[in-house]
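Student: Just a sequence and a predicted model for now, questions to come.
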Amino acid sequence: MTTTSLARPDIDSKRLAALASIVTGTAGDHQVLSPLDGRPLATVPRSGPADVDHALAAARTAQAEWAKRPLRERRAILRRAGRLFLAHRDELLDLIQLENGKNRLSAFEEVSDVSLTAAYYARRAPGLLRPHRRRGAIPVLTSVREHRVPKGVVGVISPWNYPLMLAVADAIPALIAGNGIVLKPDSATPLCALAAVEILREAGLPADLFGVVIGAGSELGPRLIYGVDFMMFTGSTATGRVIAEHCGRRLIGCSAELGGKNPLIVLADADIDRAAHGAVQACFSNSGQLCVSIERIYVEDAAYDAFADAFARRASAMTLGVALGWEADMGTLTSAAQLDGISAHVDDAVAKGATVLAGGKARPDIGPFVYEPTVLEGVTDDMEVARTETFGPVVSLYRVADADEAVRLANDSPYGLNAAVWSRRRGVGVARRVAAGTVSVNEGYAAAWGSTDAPMGGVKDSGLGRRHGDEGLLKYTEPQTVVRQRIASLAPPDRVSDETYARFMSRALALLTRVRP
Ligand code: NAD
């Protein structure tokens, strides 16, 4: 494992003031640390409950005007924003690395995702939002249109692991659909969220339409939920349940993208070298702090030894680093809490008899929260790492007899977010049997995530609802059915008895409900 050393610049004070001015916050200061060296990076305003109310009121007023603007204007602004994300690429990559600690390629995933998402929904929105003709109660006499009305103000609560992307990518379709947003990013990574909102404003988004509050989720979250019309949450399953309870009480919808313990299946006919290469991406991108990253690998017996050897060698050869730049294959974890949790999983597994094939220890010589990409073997169900999400660069290898056993074990989890299968010929058939919202064949997660046209999300404890695809936008709208009845109404006409009417209608219904073979 080679390393790259630290060269960490400070953020320019004028730039910081511009970002801080976006926050609705009057409850003091909030300090942001850089995980690259564990030292303070910036101070931004902290929000209290009254600030949440203020941001909500401003967003609601701005939304009423925004929803009246022609769709083509809203699309043009978001399309422009998509291009601006790319134009500001390098400064965004710096900020993501400074605030989150990930390697630059993982940071690039964020910038490319928001840009792609903006372009996709700007293109797709007219087809989704135009009024759709529906079949009427009585053909010809009843004309029906299904309209799509924006929900109003959407609350977004986002985590720290993809601090730019998860703060705004889900807001983009909501905005195009005519909604306002109030965002509460994770307190560890507010700067990336603010930089993203700054770009949306540069593209022409009205300032009040997208409010940002910063502070503890347990304090600001409920206040936010009680003032919005829909909640978009990304984070842990435990918090997702709390959010869904609040939304249930208010009878508003919520979309919750939650945790995972994602499996990868390597079948005996896989190209082993490609599978090992792909597994490194799937397990260690973003230092494994990725909801869709792989934490369990099931390998068919005939391929196990070759795969374990190739995979462990590749993991051991990764370059670790905390410098701003493209050199490192993996950056640092984002916090001391992450380092503690991940170390505890590995230490517990090793104490109970697991074998470390690669990595297995912290690297304070590189950065305060750096942990090596780690491959474990001999993991049993009594070990914490076996079933609980580690959310770090730690993966367990399991030898299985055949694809049936691999599928059974892959599905033996409360989670069902993402999965992968490596195989030359049997991949799709096996993929269809895995209980997960997305399953990639001969890829870990990037192809599924990057296919913005297809829905993405989890089953079981991994979530509710979907991002991406049609649902990724339609969930921010209320369908409204407007029906126009021509010539005759559906009620019995004057001077026709109810019984005669029912007899006539029965004949008509018999014709209408005749099902063609
Ligand atoms: P977390 O649930 O602790 O925090 C996420 C957000 O929720 C933060 O903004 C936090 O301030 C807020 N929050 C915390 N308690 C709250 C409360 N009571 N009410 C309202 N808001 C509250 O999540 P985390 O541990 O920081 O993030 C990692 C988790 O997120 C992992 O489980 C990971 O798998 C998951 N995740 C899922 C996806 C996905 O798309 N499925 C993406 C990224 C992360």
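Tutor: The structure has been received and is ready for your questions.
Student: and the protein, which of its residues are near the ligand?
Tutor: 157-161, 166, 184, 186, 217-218, 221, 234-236, 239, 242-243, 257-260, 291, 389, 391, 417, 458, 463 (CB under 6 Å from any ligand atom). (Each C-beta comes from the backbone N, C-alpha and C, glycine too.)
Student: Now do stretch 99-115: distance to the chain's middle.
Tutor: In terms of CA atoms, centre = their mean, to the nearest Å, the centre of stretch 99-115 is found 14 Å from the chain centre.
Student: Tell me which of the residues of the chain next to the ligand fall in helices.
Tutor: If you go by DSSP state H, the residues of the chain next to the ligand have 166, 217-218, 221, 239, 242-243 in helices.
Student: Next, give me the two most distant ones among these.
Tutor: Taking CB to CB, the two most distant members of these are Leu166 and Ser218; they sit 19.0 Å apart.
Student: picking up where we left off before, of the ones in helices among the residues of the chain next to the ligand, grab the buried ones for ChimeraX.
Tutor: If you want just the buried ones from these in ChimeraX, going by 16 or more other CB atoms under 10 Å, the selection is:
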select :166,217,221,239,242,243
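Student: mind putting the ones in helices among the residues of the chain next to the ligand in a markdown table, pLDDT included?
Tutor: A markdown table is the format used below for these (pLDDT from 0 to 100):
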| residue | pLDDT |
| --- | --- |
| Leu166 | 98 |
| Gly217 | 98 |
| Ser218 | 97 |
| Gly221 | 98 |
| Thr239 | 98 |
| Val242 | 98 |
| Ile243 | 98 |
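Student: any idea how far Pro49 is from His30?
Tutor: 15 Å (CB to CB, to the nearest Å).
Student: More neighbours: these two, which one.
Tutor: His30 (19 against 15; other CB atoms under 10 Å).
Student: For the helix or strand where that one lies, name the packing helices and strands.
Tutor: Using DSSP states H and E, the element containing His30 is strand 29-33. Using 3 or more CB pairs under 8 Å, 6 or more residues apart in numbering; DSSP states H and E, the elements in contact with strand 29-33 are strand 40-45, helix 190-202.
Student: domains of the protein?
Tutor: Under automatic domain parsing, the residue ranges defining each domain of the chain are 14-258+470-477, 262-452.
Student: Confirm Cys254 sits in a helix?
Tutor: No - using DSSP: H, G, I helix; E, B strand; the rest coil, the assignment for Cys254 is strand, not a helix.
Student: Arg148 contacts Pro479, doesn't it?
Tutor: Yes - the criterion here is CB atoms under 8 Å, and Arg148 meets it with Pro479 at 6.3 Å.
Student: related to what we said a few turns ago, name the nearest of the ones in helices among the residues of the chain next to the ligand relative to Ala354.
Tutor: Distance to Ala354, by CB to CB, is smallest for Thr239 among these, at 29.2 Å.
Student: what residues are up against that closest one?
Tutor: Going by CB atoms under 8 Å, 6 or more residues apart in numbering, Thr239 touches 217, 233.
Student: what's the answer for Arg135, then?
Tutor: Val144.
Student: What about the residue nearest to Asp453 when sequence neighbours are not counted, how many residues nearby?
Tutor: Closest residue to Asp453 apart from its sequence neighbours, by CB to CB, 6 or more residues apart in numbering: Gly469 at 6.0 Å. Using other CB under 10 Å, Gly469 has 18 neighbouring residues.
Student: What of Ile138?
Tutor: Ile138 is flanked by 15 other residues according to other CB under 10 Å.
Student: go on, the one 4 residues further on?
Tutor: Under the neighbour criterion other CB under 10 Å, Thr142 is assigned a count of 17.
Student: list the buried ones in stretch 22-32?
Tutor: Neighbour count says stretch 22-32 has 22-25, 27, 30, 32 buried, by 16+ other CB under 10 Å.
Student: Mind checking which of those are in strands?
Tutor: The members of these that map onto strands under DSSP state E are 30, 32.
Student: what's the closest of the buried residues of stretch 22-32 to the ligand?
Tutor: Distance to the ligand across the buried residues of stretch 22-32 (CB to the nearest ligand atom) is lowest for His30, with 11.9 Å.
Student: Kindly state the pLDDT recorded for that closest one?
Tutor: His30 carries a pLDDT value of 98.
Student: Next up, the contacts around it.
Tutor: By CB under 8 Å, 6+ apart, His30 lies in contact with 43-46, 187, 190, 214-215.
Student: Can you flag the buried ones in these?
Tutor: Buried, going by 16+ other CB under 10 Å: 44-46, 187, 190, 214-215, out of the contacts of His30.
Student: Could you tell me which residues within stretch 299-314 count as buried?
Tutor: Here stretch 299-314 shows 299-300, 303-304, 306-308, 310-312, 314 as buried, counting by 16+ other CB under 10 Å.
Student: thinking again about what came up before, quick one: the buried ones among the contacts of His30 as a markdown table, columns for pLDDT too.
Tutor: Formatted as a markdown table, the buried ones among the contacts of His30 follow (pLDDT from 0 to 100):
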| residue | pLDDT |
| --- | --- |
| Val44 | 98 |
| Pro45 | 98 |
| Arg46 | 98 |
| Ser187 | 98 |
| Pro190 | 98 |
| Ile214 | 98 |
| Gly215 | 98 |
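Student: and which of those is nearest to the ligand?
Tutor: Ser187 (6.0 Å).
Student: Surely that closest one is in contact with Val213?
Tutor: No - between Ser187 and Val213 there is no contact under CB under 8 Å: 10.5 Å.
Student: Can you list the helices and strands that the helix or strand that contains Leu105 packs against?
Tutor: Leu105 belongs to helix 104-129 when elements are defined using DSSP H and E. Under the contact criterion of 3+ CB pairs under 8 Å, 6+ apart, helix 104-129 touches helix 71-87, helix 89-100, helix 165-168, helix 171-176, helix 446-450, helix 471-474.
Student: quick one: low-confidence parts of the stretch 1-150 of the chain?
Tutor: Counting by pLDDT under 70, the ranges of the stretch 1-150 of the chain that qualify are 1-7.
Student: 50 instead?
Tutor: Filtered on pLDDT under 50, the stretch 1-150 of the chain yields no residues whatsoever.
Student: same check, this time on the stretch 351-500 of the chain
Tutor: Ranges of the stretch 351-500 of the chain meeting pLDDT under 50: none found.
Student: Can you list the residue ranges for helices in it?
Tutor: Under the criterion DSSP state H, counting those that start in this stretch, the stretch 351-500 of the chain contains helices at 384-387, 403-411, 427-431, 446-450, 471-474, 498-512.
Student: Compare these and give me the one nearest Arg104.
Tutor: Arg104 sits nearest to helix 446-450 of all these, at 15.8 Å, using CB to CB.
Student: Okay then, goodbye and thanks.
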